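J.: give me the fold of what follows.
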Amino acid sequence: MADQEHKHGEMDISVQEETFNGFIQWTIRGALAFIFIGIPVMLLVA
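T.: Model (predicted):
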């Protein structure tokens, strides 16, 4: 185990990239929904 040498940049990070991209997409969608739906509704109710 200790005889293996670490090589920088060789690890497969495709799953982490997909997870991060999904998180960013849902964050943007949520922010846009709040801007275009949440704020106008709050202004109408107030």
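J.: number of nearby residues for residue 38?
T.: By other Cβ atoms under 10 Å, the residues close to residue 38 number 13. Heads up, the C-betas are built off the backbone N, CA and C, glycines and all.
J.: please read the previous query as pertaining to residue 29.
T.: Other residues close to residue 29 by other Cβ under 10 Å number 10.
J.: could you do residue 16 as well?
T.: The tally of other residues near residue 16 (other Cβ under 10 Å) stands at 10.
J.: repeat for the one 10 residues further on
T.: When neighbours are defined as other Cβ under 10 Å, residue 26 has 10 of them.
J.: what about the helices in the protein?
T.: Applying DSSP state H to the chain gives helices spanning 14-33, 39-45.
J.: mind putting those into TSV with distance to residue 5 and mean pLDDT?
T.: Formatted as TSV, the helices of the chain follow (distance: least, Cβ to Cβ, whole Å; pLDDT from 0 to 100):
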stretch	distance to residue 5	mean pLDDT
helix 14-33	23	98
helix 39-45	54	93
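J.: for those, which one sits closest to residue 6?
T.: helix 14-33 (17.7 Å; Cβ to Cβ).
J.: okay if I get the helices of the chain as CSV plus distance to residue 8?
T.: Below are those laid out as CSV (distance: least, Cβ to Cβ, whole Å):
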stretch, distance to residue 8
helix 14-33, 16
helix 39-45, 45
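J.: closest to residue 3 out of these?
T.: Of the helices of the chain, nearest to residue 3 by Cβ to Cβ is helix 14-33, at 26.9 Å.
J.: from the chain's centre, how far out does that closest one sit?
T.: 3 Å (Cα atoms, centre = their mean, to the nearest Å).
J.: so that it lines up with my notes, have the first residue be 18 from now on.
T.: Yep, numbering from 18; the last one is helix 31-50 now.
J.: would you put the C-alpha positions of it in CSV?
T.: Output in CSV follows, covering the C-alpha atoms of helix 31-50 (Å, rounded to 0.1, in the frame of the first residue of the first chain):
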residue,chain,number,x,y,z
SER,A,31,-16.4,12.8,-13.3
VAL,A,32,-18.9,11.8,-10.6
GLN,A,33,-17.9,14.8,-8.4
GLU,A,34,-18.1,17.1,-11.5
GLU,A,35,-21.6,15.9,-12.3
THR,A,36,-22.7,16.4,-8.7
PHE,A,37,-21.3,19.9,-8.6
ASN,A,38,-22.8,20.8,-11.9
GLY,A,39,-26.2,19.5,-10.7
PHE,A,40,-25.9,21.5,-7.5
ILE,A,41,-25.1,24.7,-9.5
GLN,A,42,-28.0,24.2,-11.9
TRP,A,43,-30.5,23.7,-9.1
THR,A,44,-29.1,26.7,-7.2
ILE,A,45,-29.5,28.9,-10.3
ARG,A,46,-33.0,27.6,-11.0
GLY,A,47,-34.0,28.2,-7.4
ALA,A,48,-32.6,31.8,-7.5
LEU,A,49,-34.4,32.5,-10.8
ALA,A,50,-37.7,31.1,-9.4
